[in-house]
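> for reference, the sequence and a predicted model appear below.
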Amino acid sequence: MESFDVVVVGAGLAGLQTALSLGERKFRILLIDRKPSLNRSIHTTGIFVRRTLEDFDLPDDCLGPAVRNVTLYSPARRSMDLVSPHDEFRVGRMAQLYQRLLQKCIRTGVEWSPTTKYIEHTKLNDELTLYIETEGQPRCVRTRYLVGADGATSQTGAALKLDSNREWIVGVEEVLDGVPLNGPPRFHCFLDPHVAPGYLAWIVHDGEQVHLGVGGYPSRFDPLKALREFRNSVDNIVDLSNAKLIERRGGRIPVGGVLRRIANEHGLLVGDAAGAVSPLTAGGLDPCMRLSAFAARVIGDYLETGDRDTLSSYSGELFRARFVSRLWMRRVLSAVQSPALIELGCALFRLPVFDSFAWHIFFGRGSFPDVQRPTVVKPTVFSTG
Ligand SMILES: Cc1cc2nc3c(=O)[nH]c(=O)nc-3n(C[C@H](O)[C@H](O)[C@H](O)COP(=O)(O)OP(=O)(O)OC[C@H]3O[C@@H](n4cnc5c(N)ncnc54)[C@H](O)[C@@H]3O)c2cc1C
(Lines give C-alpha, C1' and ligand atoms only; values in the text may rest on other atoms or scores of the structure.)
Protein backbone atom coordinates (compact mmCIF):
# COMPACT_ATOMS: atom_id res chain seq x y z
CA MET A 1 0.00 0.00 0.00
CA GLU A 2 1.29 3.47 -0.87
CA SER A 3 2.35 5.46 2.17
CA PHE A 4 2.49 9.24 2.67
CA ASP A 5 3.43 11.62 5.46
CA VAL A 6 0.35 13.76 4.78
CA VAL A 7 -2.74 13.40 2.61
CA VAL A 8 -4.42 16.71 1.81
CA VAL A 9 -8.09 16.38 0.84
CA GLY A 10 -9.21 19.27 -1.39
CA ALA A 11 -7.19 21.37 -3.81
CA GLY A 12 -8.81 24.76 -3.30
CA LEU A 13 -6.62 27.63 -2.16
CA ALA A 14 -6.28 26.19 1.38
CA GLY A 15 -5.32 22.68 0.27
CA LEU A 16 -2.91 23.89 -2.41
CA GLN A 17 -1.20 26.28 0.00
CA THR A 18 -0.86 23.61 2.71
CA ALA A 19 0.43 20.98 0.28
CA LEU A 20 2.93 23.45 -1.16
CA SER A 21 4.34 24.51 2.22
CA LEU A 22 4.67 20.86 3.34
CA GLY A 23 6.13 19.83 -0.02
CA GLU A 24 8.77 22.53 0.37
CA ARG A 25 9.75 20.84 3.65
CA LYS A 26 10.23 17.59 1.70
CA PHE A 27 7.44 15.57 3.28
CA ARG A 28 5.73 12.93 1.12
CA ILE A 29 2.41 14.53 0.27
CA LEU A 30 -0.62 13.26 -1.61
CA LEU A 31 -3.03 15.99 -2.73
CA ILE A 32 -6.44 14.80 -3.89
CA ASP A 33 -9.54 16.51 -5.24
CA ARG A 34 -12.79 15.07 -6.45
CA LYS A 35 -12.71 17.49 -9.39
CA PRO A 36 -11.06 16.33 -12.61
CA SER A 37 -9.54 19.76 -13.14
CA LEU A 38 -9.07 22.80 -10.93
CA ASN A 39 -10.70 25.16 -13.42
CA ARG A 40 -14.07 23.42 -12.80
CA SER A 41 -16.73 24.59 -10.30
CA ILE A 42 -14.77 27.53 -8.94
CA HIS A 43 -16.75 29.03 -6.11
CA THR A 44 -15.13 32.31 -5.30
CA THR A 45 -15.18 35.77 -6.82
CA GLY A 46 -11.48 35.83 -6.03
CA ILE A 47 -11.14 39.30 -4.50
CA PHE A 48 -7.79 39.48 -2.73
CA VAL A 49 -7.33 42.30 -0.22
CA ARG A 50 -4.29 44.53 0.13
CA ARG A 51 -2.75 42.71 3.09
CA THR A 52 -2.78 39.38 1.27
CA LEU A 53 -1.31 41.00 -1.83
CA GLU A 54 1.45 42.55 0.27
CA ASP A 55 2.25 39.51 2.41
CA PHE A 56 2.07 36.71 -0.17
CA ASP A 57 3.82 36.39 -3.46
CA LEU A 58 0.85 35.80 -5.76
CA PRO A 59 1.81 35.68 -9.46
CA ASP A 60 0.98 39.02 -11.06
CA ASP A 61 -0.42 37.48 -14.24
CA CYS A 62 -3.01 35.59 -12.15
CA LEU A 63 -4.46 38.85 -10.81
CA GLY A 64 -6.62 41.49 -12.50
CA PRO A 65 -5.97 45.25 -12.37
CA ALA A 66 -6.04 46.95 -8.96
CA VAL A 67 -9.28 48.41 -7.59
CA ARG A 68 -9.20 51.50 -5.35
CA ASN A 69 -12.79 52.71 -5.65
CA VAL A 70 -15.79 51.37 -3.76
CA THR A 71 -19.40 52.51 -4.08
CA LEU A 72 -21.81 51.45 -1.36
CA TYR A 73 -25.55 51.49 -2.21
CA SER A 74 -28.47 51.61 0.20
CA PRO A 75 -31.67 49.59 -0.51
CA ALA A 76 -33.08 52.74 -2.22
CA ARG A 77 -29.83 52.87 -4.26
CA ARG A 78 -28.51 56.01 -2.62
CA SER A 79 -24.77 55.78 -3.13
CA MET A 80 -21.68 56.64 -1.17
CA ASP A 81 -18.21 56.64 -2.78
CA LEU A 82 -15.05 55.62 -0.99
CA VAL A 83 -11.65 56.07 -2.61
CA SER A 84 -8.41 54.68 -1.24
CA PRO A 85 -4.95 56.05 -2.06
CA HIS A 86 -3.81 52.39 -2.21
CA ASP A 87 -4.43 49.42 -4.48
CA GLU A 88 -6.98 47.79 -2.17
CA PHE A 89 -8.30 44.81 -4.14
CA ARG A 90 -7.34 42.62 -7.07
CA VAL A 91 -9.58 39.95 -8.51
CA GLY A 92 -7.73 36.66 -8.92
CA ARG A 93 -7.93 34.76 -12.19
CA MET A 94 -8.62 31.72 -10.06
CA ALA A 95 -8.36 28.91 -12.61
CA GLN A 96 -4.91 30.19 -13.58
CA LEU A 97 -3.89 30.75 -9.97
CA TYR A 98 -4.95 27.25 -8.83
CA GLN A 99 -3.13 25.75 -11.81
CA ARG A 100 0.03 27.74 -11.05
CA LEU A 101 -0.02 26.68 -7.39
CA LEU A 102 -0.59 23.07 -8.41
CA GLN A 103 2.42 23.17 -10.75
CA LYS A 104 4.52 24.54 -7.87
CA CYS A 105 3.25 21.73 -5.62
CA ILE A 106 4.17 19.11 -8.21
CA ARG A 107 7.65 20.64 -8.62
CA THR A 108 8.26 20.24 -4.87
CA GLY A 109 7.35 16.53 -5.17
CA VAL A 110 3.66 16.62 -4.13
CA GLU A 111 1.75 13.73 -5.73
CA TRP A 112 -1.43 15.03 -7.37
CA SER A 113 -4.50 12.86 -7.79
CA PRO A 114 -7.51 14.49 -9.54
CA THR A 115 -10.99 12.89 -9.78
CA THR A 116 -10.20 11.38 -6.39
CA LYS A 117 -12.73 11.39 -3.59
CA TYR A 118 -12.07 10.95 0.10
CA ILE A 119 -14.46 8.27 1.39
CA GLU A 120 -13.38 7.40 4.95
CA HIS A 121 -10.43 6.33 7.07
CA THR A 122 -9.55 3.92 9.84
CA LYS A 123 -6.83 4.21 12.47
CA LEU A 124 -3.98 1.74 12.73
CA ASN A 125 -1.53 2.54 15.54
CA ASP A 126 -0.29 6.08 14.81
CA GLU A 127 -1.25 5.95 11.15
CA LEU A 128 -4.44 6.17 9.15
CA THR A 129 -5.60 3.95 6.33
CA LEU A 130 -7.48 6.10 3.87
CA TYR A 131 -10.18 4.82 1.58
CA ILE A 132 -10.36 6.96 -1.52
CA GLU A 133 -11.85 6.55 -4.98
CA THR A 134 -10.06 7.57 -8.16
CA GLU A 135 -12.32 7.73 -11.23
CA GLY A 136 -14.76 5.49 -9.36
CA GLN A 137 -12.10 2.87 -8.55
CA PRO A 138 -11.47 2.19 -4.84
CA ARG A 139 -7.94 2.76 -3.58
CA CYS A 140 -6.27 2.56 -0.15
CA VAL A 141 -3.31 4.64 1.03
CA ARG A 142 -1.59 4.99 4.38
CA THR A 143 -0.78 8.34 5.92
CA ARG A 144 0.73 9.71 9.12
CA TYR A 145 -1.51 12.77 9.03
CA LEU A 146 -4.67 13.97 7.28
CA VAL A 147 -5.54 17.53 6.25
CA GLY A 148 -9.17 18.43 5.62
CA ALA A 149 -9.20 21.22 3.04
CA ASP A 150 -12.48 20.04 1.60
CA GLY A 151 -14.57 23.14 2.05
CA ALA A 152 -17.52 24.39 4.08
CA THR A 153 -19.22 21.00 4.53
CA SER A 154 -16.03 19.08 5.28
CA GLN A 155 -16.44 15.32 5.29
CA THR A 156 -12.91 14.83 6.63
CA GLY A 157 -13.64 17.16 9.56
CA ALA A 158 -16.63 15.04 10.56
CA ALA A 159 -14.67 11.80 10.10
CA LEU A 160 -11.83 13.18 12.27
CA LYS A 161 -14.46 14.08 14.91
CA LEU A 162 -13.54 17.75 14.72
CA ASP A 163 -16.02 20.64 14.72
CA SER A 164 -18.30 21.38 11.75
CA ASN A 165 -19.66 24.63 10.31
CA ARG A 166 -23.25 25.29 11.33
CA GLU A 167 -23.95 28.75 9.94
CA TRP A 168 -23.46 29.85 6.37
CA ILE A 169 -24.63 32.15 3.68
CA VAL A 170 -24.90 31.20 0.02
CA GLY A 171 -23.32 33.23 -2.77
CA VAL A 172 -23.96 32.98 -6.53
CA GLU A 173 -22.42 35.05 -9.27
CA GLU A 174 -21.86 35.47 -12.99
CA VAL A 175 -18.50 36.29 -14.51
CA LEU A 176 -19.01 38.54 -17.52
CA ASP A 177 -16.96 39.90 -20.36
CA GLY A 178 -17.66 42.75 -22.78
CA VAL A 179 -18.95 45.28 -20.23
CA PRO A 180 -17.65 48.82 -20.84
CA LEU A 181 -15.95 50.47 -17.88
CA ASN A 182 -16.84 54.08 -17.21
CA GLY A 183 -14.30 55.57 -14.83
CA PRO A 184 -11.79 53.69 -12.73
CA PRO A 185 -12.09 49.99 -11.76
CA ARG A 186 -14.74 49.80 -9.07
CA PHE A 187 -16.24 47.50 -6.45
CA HIS A 188 -20.00 48.23 -6.15
CA CYS A 189 -21.60 46.85 -2.96
CA PHE A 190 -25.36 46.80 -2.47
CA LEU A 191 -27.03 46.50 0.91
CA ASP A 192 -30.42 45.17 -0.13
CA PRO A 193 -32.23 42.61 2.04
CA HIS A 194 -34.52 41.67 -0.85
CA VAL A 195 -31.80 40.26 -3.14
CA ALA A 196 -29.10 39.73 -0.48
CA PRO A 197 -30.66 39.05 2.95
CA GLY A 198 -27.97 39.26 5.64
CA TYR A 199 -25.13 40.02 3.22
CA LEU A 200 -24.43 41.95 0.02
CA ALA A 201 -25.02 42.03 -3.68
CA TRP A 202 -21.92 43.03 -5.63
CA ILE A 203 -20.52 44.09 -8.96
CA VAL A 204 -16.76 44.17 -9.32
CA HIS A 205 -15.50 45.68 -12.55
CA ASP A 206 -11.71 45.70 -12.73
CA GLY A 207 -11.57 46.87 -16.35
CA GLU A 208 -11.17 43.35 -17.75
CA GLN A 209 -13.87 41.23 -16.12
CA VAL A 210 -17.11 41.82 -14.28
CA HIS A 211 -18.32 39.68 -11.40
CA LEU A 212 -21.99 40.24 -10.56
CA GLY A 213 -23.41 38.36 -7.62
CA VAL A 214 -25.68 38.10 -4.59
CA GLY A 215 -25.24 36.43 -1.22
CA GLY A 216 -27.48 35.82 1.74
CA TYR A 217 -29.01 33.38 4.20
CA PRO A 218 -30.38 30.42 2.21
CA SER A 219 -33.57 30.20 4.28
CA ARG A 220 -34.50 33.77 3.30
CA PHE A 221 -34.08 33.88 -0.46
CA ASP A 222 -33.84 31.97 -3.70
CA PRO A 223 -30.27 32.81 -4.78
CA LEU A 224 -30.73 32.26 -8.54
CA LYS A 225 -33.99 34.23 -8.65
CA ALA A 226 -32.36 37.01 -6.62
CA LEU A 227 -29.38 37.06 -9.00
CA ARG A 228 -31.72 37.48 -12.01
CA GLU A 229 -33.62 40.29 -10.26
CA PHE A 230 -30.41 41.98 -9.23
CA ARG A 231 -28.96 41.77 -12.75
CA ASN A 232 -32.15 43.32 -14.16
CA SER A 233 -31.91 46.21 -11.70
CA VAL A 234 -28.44 47.57 -12.45
CA ASP A 235 -28.93 49.10 -15.94
CA ASN A 236 -28.08 52.56 -14.68
CA ILE A 237 -24.85 51.33 -13.07
CA VAL A 238 -23.28 49.00 -15.66
CA ASP A 239 -24.13 48.52 -19.31
CA LEU A 240 -24.74 44.78 -19.70
CA SER A 241 -26.27 45.00 -23.19
CA ASN A 242 -23.24 43.31 -24.82
CA ALA A 243 -22.18 41.29 -21.79
CA LYS A 244 -20.99 37.76 -22.50
CA LEU A 245 -21.36 35.14 -19.77
CA ILE A 246 -18.02 33.43 -19.17
CA GLU A 247 -18.81 31.41 -16.07
CA ARG A 248 -21.33 30.87 -13.26
CA ARG A 249 -20.04 30.39 -9.74
CA GLY A 250 -21.60 29.75 -6.37
CA GLY A 251 -21.30 28.04 -3.05
CA ARG A 252 -21.68 28.12 0.69
CA ILE A 253 -19.71 30.56 2.82
CA PRO A 254 -19.35 29.65 6.51
CA VAL A 255 -19.92 32.75 8.66
CA GLY A 256 -20.01 31.36 12.20
CA GLY A 257 -16.32 32.14 12.80
CA VAL A 258 -13.34 29.81 13.09
CA LEU A 259 -14.36 26.49 14.60
CA ARG A 260 -13.01 25.70 18.05
CA ARG A 261 -11.70 22.14 17.59
CA ILE A 262 -9.78 22.06 14.33
CA ALA A 263 -6.94 19.65 15.10
CA ASN A 264 -6.15 16.36 16.79
CA GLU A 265 -3.33 13.83 16.58
CA HIS A 266 -4.68 12.36 13.33
CA GLY A 267 -5.55 15.43 11.32
CA LEU A 268 -6.50 19.08 11.10
CA LEU A 269 -8.68 21.44 9.10
CA VAL A 270 -7.79 24.47 6.98
CA GLY A 271 -9.73 27.07 4.97
CA ASP A 272 -13.53 26.87 4.86
CA ALA A 273 -13.39 23.43 6.50
CA ALA A 274 -12.05 25.19 9.61
CA GLY A 275 -14.63 27.99 9.31
CA ALA A 276 -11.76 30.38 8.57
CA VAL A 277 -13.79 33.12 6.95
CA SER A 278 -14.40 36.66 8.18
CA PRO A 279 -17.94 36.55 9.63
CA LEU A 280 -18.50 40.15 8.55
CA THR A 281 -17.09 40.43 5.02
CA ALA A 282 -17.30 36.68 4.21
CA GLY A 283 -13.75 36.96 2.87
CA GLY A 284 -12.04 33.58 3.04
CA LEU A 285 -9.01 33.90 0.77
CA ASP A 286 -6.76 35.76 3.21
CA PRO A 287 -7.60 33.23 5.98
CA CYS A 288 -6.85 30.38 3.52
CA MET A 289 -3.35 31.73 2.94
CA ARG A 290 -2.52 32.54 6.57
CA LEU A 291 -4.10 29.56 8.32
CA SER A 292 -2.66 27.11 5.77
CA ALA A 293 0.87 28.48 6.20
CA PHE A 294 0.47 28.12 9.98
CA ALA A 295 -1.04 24.63 9.68
CA ALA A 296 1.89 23.47 7.55
CA ARG A 297 4.37 24.72 10.18
CA VAL A 298 2.48 22.91 12.95
CA ILE A 299 2.15 19.65 10.97
CA GLY A 300 5.81 19.78 9.94
CA ASP A 301 6.96 20.23 13.52
CA TYR A 302 4.60 17.53 14.75
CA LEU A 303 5.80 15.01 12.17
CA GLU A 304 9.43 15.84 12.92
CA THR A 305 9.15 15.67 16.70
CA GLY A 306 6.12 13.48 17.40
CA ASP A 307 5.26 15.93 20.17
CA ARG A 308 1.47 16.13 20.50
CA ASP A 309 1.77 19.43 22.41
CA THR A 310 2.81 20.98 19.11
CA LEU A 311 -0.79 20.53 17.93
CA SER A 312 -2.30 22.41 20.84
CA SER A 313 -1.20 25.70 19.25
CA TYR A 314 -3.50 24.92 16.32
CA SER A 315 -6.73 25.73 18.10
CA GLY A 316 -9.66 27.77 16.85
CA GLU A 317 -9.85 29.42 20.27
CA LEU A 318 -6.69 31.37 19.42
CA PHE A 319 -8.37 32.97 16.43
CA ARG A 320 -11.93 33.38 17.68
CA ALA A 321 -10.96 36.08 20.16
CA ARG A 322 -9.89 38.29 17.23
CA PHE A 323 -13.29 37.86 15.62
CA VAL A 324 -15.58 38.81 18.48
CA SER A 325 -16.52 42.22 17.04
CA ARG A 326 -16.94 40.78 13.55
CA LEU A 327 -19.18 38.00 14.91
CA TRP A 328 -21.33 40.63 16.63
CA MET A 329 -21.59 42.65 13.44
CA ARG A 330 -22.64 39.45 11.65
CA ARG A 331 -25.40 38.97 14.25
CA VAL A 332 -26.57 42.53 13.60
CA LEU A 333 -26.46 42.08 9.80
CA SER A 334 -28.38 38.84 10.11
CA ALA A 335 -31.01 40.31 12.45
CA VAL A 336 -31.69 43.56 10.58
CA GLN A 337 -34.04 42.64 7.76
CA SER A 338 -36.03 45.85 7.42
CA PRO A 339 -35.04 47.91 4.35
CA ALA A 340 -36.02 51.09 6.25
CA LEU A 341 -33.55 50.31 9.05
CA ILE A 342 -30.78 49.51 6.59
CA GLU A 343 -31.58 52.75 4.72
CA LEU A 344 -31.19 54.60 8.00
CA GLY A 345 -27.88 52.84 8.70
CA CYS A 346 -26.63 53.82 5.24
CA ALA A 347 -27.70 57.44 5.84
CA LEU A 348 -25.62 57.39 9.04
CA PHE A 349 -22.64 56.01 7.10
CA ARG A 350 -22.82 59.06 4.85
CA LEU A 351 -22.39 61.40 7.83
CA PRO A 352 -18.79 62.55 8.32
CA VAL A 353 -18.69 61.11 11.88
CA PHE A 354 -19.54 57.61 10.68
CA ASP A 355 -17.94 57.46 7.25
CA SER A 356 -14.63 56.37 8.79
CA PHE A 357 -16.48 53.24 9.97
CA ALA A 358 -17.45 52.36 6.38
CA TRP A 359 -13.88 53.18 5.32
CA HIS A 360 -12.57 50.82 8.00
CA ILE A 361 -14.83 47.95 6.87
CA PHE A 362 -13.73 48.20 3.24
CA PHE A 363 -10.14 49.37 3.54
CA GLY A 364 -9.23 48.35 7.11
CA ARG A 365 -6.14 46.15 7.42
CA GLY A 366 -7.66 43.66 9.85
CA SER A 367 -7.02 40.35 8.17
CA PHE A 368 -6.93 36.87 9.60
CA PRO A 369 -4.56 36.90 12.60
CA ASP A 370 -1.02 35.68 12.06
CA VAL A 371 0.02 33.29 14.76
CA GLN A 372 3.68 33.12 15.67
CA ARG A 373 4.75 29.99 17.42
CA PRO A 374 8.29 29.16 18.47
CA THR A 375 9.74 26.28 16.46
CA VAL A 376 9.83 23.16 18.57
CA VAL A 377 13.27 21.55 18.68
CA LYS A 378 12.91 18.06 20.11
CA PRO A 379 14.18 14.61 19.16
CA THR A 380 12.06 12.60 16.73
CA VAL A 381 9.89 10.17 18.64
CA PHE A 382 7.05 9.79 16.12
CA SER A 383 6.17 6.16 15.69
CA THR A 384 5.43 5.00 12.17
CA GLY A 385 3.56 1.99 13.52
C1 LIG B 1 -19.70 33.00 -4.44
C2 LIG B 1 -18.55 33.19 -3.50
C3 LIG B 1 -17.73 34.30 -3.65
C4 LIG B 1 -16.66 34.48 -2.77
N5 LIG B 1 -15.84 35.55 -2.97
C6 LIG B 1 -14.78 35.74 -2.16
C7 LIG B 1 -13.89 36.82 -2.41
O8 LIG B 1 -14.03 37.54 -3.39
N9 LIG B 1 -12.85 37.01 -1.56
C10 LIG B 1 -12.65 36.20 -0.49
O11 LIG B 1 -11.68 36.44 0.28
N12 LIG B 1 -13.46 35.15 -0.24
C13 LIG B 1 -14.51 34.88 -1.07
N14 LIG B 1 -15.32 33.81 -0.86
C15 LIG B 1 -14.93 32.84 0.16
C16 LIG B 1 -13.70 32.05 -0.36
O17 LIG B 1 -13.87 31.79 -1.70
C18 LIG B 1 -13.53 30.72 0.36
O19 LIG B 1 -13.41 31.01 1.74
C20 LIG B 1 -12.28 29.97 -0.14
O21 LIG B 1 -12.29 29.85 -1.52
C22 LIG B 1 -12.23 28.61 0.53
O23 LIG B 1 -11.18 27.85 0.00
P24 LIG B 1 -10.97 26.36 0.49
O25 LIG B 1 -9.73 25.88 -0.20
O26 LIG B 1 -11.06 26.26 1.96
O27 LIG B 1 -12.23 25.57 -0.04
P28 LIG B 1 -12.74 25.22 -1.57
O29 LIG B 1 -12.24 26.25 -2.49
O30 LIG B 1 -14.16 24.98 -1.37
O31 LIG B 1 -11.98 23.89 -1.87
C32 LIG B 1 -12.42 22.66 -1.37
C33 LIG B 1 -12.01 21.59 -2.36
O34 LIG B 1 -12.27 20.32 -1.76
C35 LIG B 1 -12.75 19.44 -2.76
N36 LIG B 1 -13.50 18.38 -2.06
C37 LIG B 1 -14.62 18.48 -1.31
N38 LIG B 1 -14.98 17.30 -0.81
C39 LIG B 1 -14.06 16.40 -1.26
C40 LIG B 1 -13.87 14.99 -1.09
N41 LIG B 1 -14.71 14.22 -0.35
N42 LIG B 1 -12.81 14.40 -1.69
C43 LIG B 1 -11.95 15.12 -2.44
N44 LIG B 1 -12.07 16.46 -2.64
C45 LIG B 1 -13.11 17.08 -2.06
C46 LIG B 1 -13.62 20.33 -3.64
O47 LIG B 1 -13.76 19.78 -4.94
C48 LIG B 1 -12.83 21.64 -3.65
O49 LIG B 1 -11.94 21.72 -4.75
C50 LIG B 1 -16.40 33.57 -1.72
C51 LIG B 1 -17.23 32.42 -1.59
C52 LIG B 1 -18.28 32.24 -2.47
C53 LIG B 1 -19.14 31.02 -2.31
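It's in.

> for the chain, give me the ranges with low pLDDT.
Confidence mapping of the chain against pLDDT under 70 gives the ranges 353-355, 365-385.

> helices of that one, start to end?
13-24, 50-55, 94-107, 155-159, 223-232, 285-305, 316-320, 324-335, 339-349, 352-363 (DSSP state H).

> dump those to JSON lines, plus distance to the ligand and mean neighbour count.
For glycine as for every other residue, the C-beta is placed from the backbone atoms N, C-alpha and C. Listed next are these as JSON lines, based on distance: least, C-beta to the nearest ligand atom, whole Å; neighbours: other C-beta atoms under 10 Å:
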{"stretch": "helix 13-24", "distance to the ligand": "3", "mean neighbour count": "26"}
{"stretch": "helix 50-55", "distance to the ligand": "8", "mean neighbour count": "18"}
{"stretch": "helix 94-107", "distance to the ligand": "8", "mean neighbour count": "18"}
{"stretch": "helix 155-159", "distance to the ligand": "5", "mean neighbour count": "20"}
{"stretch": "helix 223-232", "distance to the ligand": "9", "mean neighbour count": "17"}
{"stretch": "helix 285-305", "distance to the ligand": "3", "mean neighbour count": "23"}
{"stretch": "helix 316-320", "distance to the ligand": "14", "mean neighbour count": "18"}
{"stretch": "helix 324-335", "distance to the ligand": "14", "mean neighbour count": "15"}
{"stretch": "helix 339-349", "distance to the ligand": "21", "mean neighbour count": "15"}
{"stretch": "helix 352-363", "distance to the ligand": "13", "mean neighbour count": "13"}
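
> now those as a markdown table including distance to E120?
A markdown table is the format used below for the helices of the chain (distance: least, C-beta to C-beta, whole Å):
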| stretch | distance to E120 |
| --- | --- |
| helix 13-24 | 18 |
| helix 50-55 | 34 |
| helix 94-107 | 25 |
| helix 155-159 | 6 |
| helix 223-232 | 31 |
| helix 285-305 | 21 |
| helix 316-320 | 24 |
| helix 324-335 | 33 |
| helix 339-349 | 45 |
| helix 352-363 | 42 |
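
> out of the ones you listed, which gets nearest to S3?
helix 285-305 (13.0 Å; C-beta to C-beta).

> now the closest one, how far from the chain's geometric center?
16 Å (C-alpha atoms, centre = their mean, to the nearest Å).

> which strands or helices does it pack on?
Here helix 285-305 touches strand 2-9, helix 13-24, strand 47-49, helix 50-55, strand 137-148, strand 267-269, going by 3 or more C-beta pairs under 8 Å, 6 or more residues apart in numbering; DSSP states H and E.

> and L72, how far is that from I361?
9 Å (C-beta to C-beta, to the nearest Å).

> over to E229?
In this view, E229 and I361 are 25 Å apart by C-beta to C-beta.

> could you do E54 as well?
19 Å.

> repeat that for Q99.
32 Å.

> P114 now?
Counting by C-beta to C-beta - P114 and I361 are separated by 38 Å.

> need the contact list for the spatially most central residue of the chain.
Per C-alpha atoms, centre = their mean, the C-alpha nearest to the average position across the chain is that of G284, at 2.9 Å. With contact set as C-beta atoms under 8 Å, 6 or more residues apart in numbering, G284 has these partners: T44, I253, G271, D272, A276, V277, S278.

> top of these by neighbour count?
G271 (32 neighbours; other C-beta atoms under 10 Å).

> pretty sure it contacts L13?
Yes - A contact is recorded between G271 and L13 when judged using C-beta atoms under 8 Å, the distance being 6.7 Å.

> give the residues shared as contacts by those two.
Common neighbours of G271 and L13 (C-beta under 8 Å, 6+ apart) are C288, S292.

> domain ranges for the protein?
Following automatic domain parsing, one finds the domains of the chain at 1-36+114-167+255-331, 46-86+178-253+336-367.

> any idea how far apart the tips of the longest one sit?
Right, domain 1-36+114-167+255-331. Domain 1-36+114-167+255-331 has its terminal residues 49 Å apart, counting by C-alpha to C-alpha, to the nearest Å.

> quick revisit: just the contacts of G284 that are near the ligand?
Taking C-beta under 6 Å from any ligand atom as the test, the ligand is in contact with T44, I253, G271, D272, V277 out of these.

> so what's the first one closest to, chain neighbours aside?
If I follow you right, that is T44. Closest residue to T44 apart from its sequence neighbours, by C-beta to C-beta, 6 or more residues apart in numbering: M94 at 6.2 Å.

> can you pull the contacts of G275?
By C-beta under 8 Å, 6+ apart, the neighbours of G275 are D163, N165, P254, G256, G257, V258, L259, I262, G316.

> give me every residue that touches S84.
Applying C-beta under 8 Å, 6+ apart, the residues near S84 are R68, N69, V70, F362, F363.

> how about 6 Å then?
Residues in contact with S84 (C-beta atoms under 6 Å, 6 or more residues apart in numbering) are R68, F363.

> can you report phi and psi for it?
Backbone geometry at S84, expressed as degrees, to the nearest 10, gives phi -100, psi 150.

> could you do S41 as well?
Here is the backbone geometry of S41 (degrees, to the nearest 10): phi 50, psi 50.

> how much space separates the closest residue in space to it that isn't next to it in sequence from D55?
Distance criterion C-beta to C-beta, 6+ apart; nearest residue to S41, sequence neighbours excluded, is K35 at 6.2 Å. In this view, K35 and D55 are 28 Å apart by C-beta to C-beta.
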